[in-house]
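# this one's sequence-less:
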């Protein structure tokens with residue numbers, strides 16, 4: 001990957017390298033965070049040779065020498081361009097060694113693309129940059145945002161999932177025993193993951209690892225040499241914790257990370273004979289099994305990550321969602337429906353959407369899974385696979401935050417049959433299903449495609465003309481409003 005280069009003004013380098021309490025101002029924490037982020041991302045930091053003039057004006061000789069020593073760790077921009085006639089004409093021609101002369105040298109370097117960005121807190125430089133039409137001169141905070149946008153952003157994992165460095169994991173935890181059976185050099189590999197500061201998503205229960213997924217980003221991989229991908233190097237739920245949806249919790253973390261960082265594929269490997277549960281889990285989530293095998297009868301499973309319009313078309317909306325969801329769904333075929341849901345059901349069905357979680361996160365496994373169920377006694381029978389469900393909290397916040405895409409639709413008055421449909425997806429007890437089944441029940445199996453982030457208040461929908469009043473039951477929404485709904489919810 002090409003390496004980025006940042007050119008630092010001294011008003012950025014000084015808070016990065018404070019020599020006294022007086023240097024620790026309002027920008028110190030942001031400067032430290034920027035330095036750390038650049039180091040993590042492999043961004044090169046440079047100082048302009050003209051900046052030595054800034055240091056030379058310091059009347060405190062001891063401080064000046066100390067700073068010069070600290071700044072020696074940064075590379076100096078080689079063969080820095082002289083200030084051009086164009087810059088002189090537009091900005092003036094100040095005396096050599098003056099503040100403006102230093103500023104104009106920095107601006108010239110940015111204009112000539114000697115660095116991808118010039119980082120400065122000098123508002124005067126920013127004003128001059130605008131006069132020249134330059135867009136690569138940014139503040140410390142803006143530079144931090146640039147790094148976060150261009151490189152791996154830390155996404156908030158779902159409830160019960162923690163982000164951890166591999167070196168902080170207990171390498172003797174029983175969850176790793178099966179890996180040692182399958183890979184004779186597993187401990188060597190685990191040590192390598194630690195030394196490379198790789199990270200993992202983990203679920204801890206009763207002092208042990210209930211689930212773990214060690215991952216890494218690859219720019220060029222065994223499945224695609226041209227695009228960035230996410231490899232799940234190890235993925236396992238401990239046997240005693242199966243059936244709680246922990247696998248989907250870990251996979252949701254991977255989905256969020258891949259989506260936020262614009263990675264084009266997620267992939268992992270598995271043994272066909274030794275890991276039948278994992279293979280079934282992957283295929284149920286729409287992962288594609290590649291024909292080619294690695295050494296030792298190991299298979300590769302892949303899932304594409306793409307925005308709307310980036311993926312090959314599939315005519316069936318349900319198949320499209322299964323293969324590409326939760327990243328993509330067939331917008332052209334989708335019809336929107338507003339689904340009122342009481343807070344107590346919203347809380348357990350979508351625990352990670354709660355503003356203040358008051359449940360043990362991850363305890364109610366139906367709140368962990370990607371694919372869930374909604375049951376109601378509505379007479380509405382128009383919903384089909386591929387349609388979108390906008391879940392409206394009917395009390396309290398009175399807004400929409402969660403969106404699901406319909407996978408399957410059933411109608412039944414048989415409690416046992418309904419229980420068979422919903423399986424592990426539902427928040428309802430069998431007693432509640434029996435109560436609902438006094439009349440015909442509409443069963444909607446859906447995939448959650450949005451849980452966190454932007455919310456859409458009911459009042460905004462009323463003002464837009466999407467709805468007229470507080471909905472009491474599930475209702476269809478005008479399809480012409482679907483683009484607006486998706487935009488408001490950052491979809």
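The structure has been received and is ready for your questions. The structure displayed is predicted, hence computed values, not measured ones.
# count of neighbours near residue 87?
Using other CB atoms under 10 Å, residue 87 has 20 other residues around it. (Glycine included, C-beta is placed from N, CA and C.)
# for it, pull up the helix or strand it's in.
Secondary structure assigned from DSSP states H and E places residue 87 in helix 85-91.
# ok, residue 193 touching residue 165?
No - the criterion here is CB atoms under 8 Å, and residue 193 misses it with residue 165 at 9.1 Å.
# which one's more surrounded, the two?
residue 193 (21 against 12).
# which residues sit in contact with the closest residue to that one other than its chain neighbours?
Excluding the flanking residues, the one nearest residue 193 by CB to CB, 6 or more residues apart in numbering is residue 166, at 4.2 Å. Going by CB atoms under 8 Å, 6 or more residues apart in numbering, residue 166 touches 190, 193, 194, 197, 198, 199, 200, 214.
# same question, residue 84
108, 111.
# next one: it from residue 105, what distance?
Per CB to CB, to the nearest Å, residue 84 is found 11 Å from residue 105.
# ditto for residue 246
Distance from residue 246 to residue 105, by CB to CB: 57 Å.
# excluding covalently adjacent residues, which one is nearest to residue 422?
Spatially, and ignoring its direct neighbours in sequence, residue 422 is nearest to residue 373 (4.0 Å; CB to CB, 6+ apart).
# show me what the one helix or strand that neighbour maps to is packed up against.
Here residue 373, judged by DSSP H and E, is contained in strand 371-376. Packing partners of strand 371-376 (3 or more CB pairs under 8 Å, 6 or more residues apart in numbering; DSSP states H and E): strand 336-341, strand 399-412, helix 415-422, helix 430-436, strand 441-450.
# and if we set it to 7 Å?
Counting contacts by 3 or more CB pairs under 7 Å, 6 or more residues apart in numbering; DSSP states H and E, strand 371-376 is packed against strand 441-450.
# packing partners for the helix or strand following the strand it packs on?
Later in the chain than strand 441-450, the nearest helix or strand by DSSP H and E is strand 456-457. Judged by 3+ CB pairs under 7 Å, 6+ apart, strand 456-457 is in contact with strand 399-412.
# so which bits of the strand it packs on are buried?
Applying a neighbour-count criterion of 16 or more other CB atoms under 10 Å, one finds 399, 400, 401, 402, 403, 404, 405, 406, 407, 409, 410, 412 buried in strand 399-412.
# looking at the residues you listed, which is nearest residue 450?
Ranked by distance to residue 450 (CB to CB), the buried residues of strand 399-412 are led by residue 403 at 4.2 Å.
# got the buried residues for stretch 74-93?
Applying 16+ other CB under 10 Å to stretch 74-93 flags 74, 77, 80, 83, 87, 91 as buried.
# could you dump those residues to TSV with pLDDT?
Below are the buried residues of stretch 74-93 laid out as TSV (pLDDT from 0 to 100):
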residue	pLDDT
74	84
77	88
80	90
83	92
87	91
91	92
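# widest-spaced pair of these?
Spatial extent of the buried residues of stretch 74-93 (CB to CB) is set by the pair 74 and 91 at 25.6 Å.
# helices of the stretch 1-150 of the chain, residue ranges please.
With DSSP state H, counting those that start in this stretch as the criterion, the stretch 1-150 of the chain has helices at 10-16, 28-41, 51-56, 61-71, 85-91, 99-111, 123-132, 140-150.
# quick one: the longest one to chain centroid distance?
Relative to the centre of its chain, helix 28-41 is centred 20 Å away, using CA atoms, centre = their mean, to the nearest Å.
# do the fourth one as well
Taking CA atoms, centre = their mean, one finds helix 61-71 lying 41 Å from the centre of the chain it belongs to.
# for that helix, packing partners?
With contacts taken as 3+ CB pairs under 7 Å, 6+ apart, helix 61-71 sits against helix 51-56.
# surely residue 106 touches residue 47?
No - because the distance of 9.9 Å does not satisfy CB atoms under 7 Å, residue 106 is recorded as not touching residue 47.
# who has more neighbours out of the two?
Neighbours per residue, other CB under 10 Å: of residue 106 and residue 47, the larger number sits with residue 106, 29 against 23.
# and the gap between residue 242 and residue 281?
In terms of CB to CB, residue 242 sits 10 Å off from residue 281.
# can you check residue 433 too?
26 Å.
# also residue 130?
From residue 130 to residue 281 the distance is 53 Å (CB to CB).
# who has more neighbours, the two?
residue 281 (19 against 11).
# so that one is in which element?
Secondary structure (DSSP H and E) places residue 281 in helix 276-284.
# and residue 230, by the same measure?
Using DSSP H and E, residue 230 falls in strand 228-237.
# list the buried residues in the helix or strand just after that strand.
Per DSSP H and E, the first helix or strand lying C-terminal to strand 228-237 is helix 246-260. Within helix 246-260, the residues that count as buried by 16+ other CB under 10 Å are 246-259.
# hmm, residue 392 is touching residue 402, no?
No - when contacts are counted by CB under 7 Å, residue 392 is not listed as touching residue 402 (9.3 Å).
# now the common contact residues for the two.
Residues touching both residue 392 and residue 402 by CB atoms under 7 Å, 6 or more residues apart in numbering: none at all.
# show me what counts as buried in stretch 186-194.
186, 190, 193.
# mind putting those residues into TSV with secondary structure?
Output for the buried residues of stretch 186-194, formatted as TSV (DSSP: H, G, I helix; E, B strand; the rest coil):
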residue	secondary structure
186	helix
190	helix
193	helix
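# so where's the chain shaky on pLDDT?
Scanning the chain for pLDDT under 70 picks out the ranges 1-2, 18-26, 149-159, 243, 291-296, 308, 354-368, 423-424, 426-427.
# now the farthest one out in it, which residue is it?
residue 95 (49.1 Å; CA atoms, centre = their mean).
# ok, now how distant is it from residue 124?
16 Å.
# which ones are touching residue 283?
residue 289.
# ok, now residue 447?
Contacts of residue 447 by CB under 7 Å, 6+ apart are 321, 325, 326, 370, 371, 404, 405, 407.
# at 6 Å instead, please
Counting by CB atoms under 6 Å, 6 or more residues apart in numbering, residue 447 makes contact with 321, 325, 326, 370, 371, 405, 407.
# which one of the residues you listed is nearest to residue 9?
Lowest distance from residue 9 to the contacts of residue 447 (CB to CB) belongs to residue 326, with 43.0 Å.
# could you find the closest non-adjacent residue to the closest one?
residue 449 (4.4 Å).
# now residue 210
Once flanking residues are discounted, residue 210 sits nearest to residue 241: 4.1 Å by CB to CB, 6+ apart.
# burial count for that neighbour?
So residue 241, with other CB under 10 Å, has 19 neighbours.
# return the distance of it relative to residue 89.
For residue 241, the distance to residue 89 equals 70 Å [CB to CB].
# repeat for residue 347
65 Å.
# kindly report the same for residue 58.
Residue 58 is 32 Å from residue 89, where distance means CB to CB.
# now find how far off-centre the strand holding residue 230 is within its chain.
With CA atoms, centre = their mean, you get 15 Å for strand 228-237.
# is it true that residue 46 touches residue 75?
Yes - taking CB atoms under 6 Å as the definition, residue 46 is a contact partner of residue 75 at 5.2 Å.
# out of the contacts of residue 447, which are buried?
321, 325, 326, 370, 371, 405, 407.
# quickly find the element holding the third one.
Residue 326 is part of no helix or strand when elements are defined by DSSP H and E.
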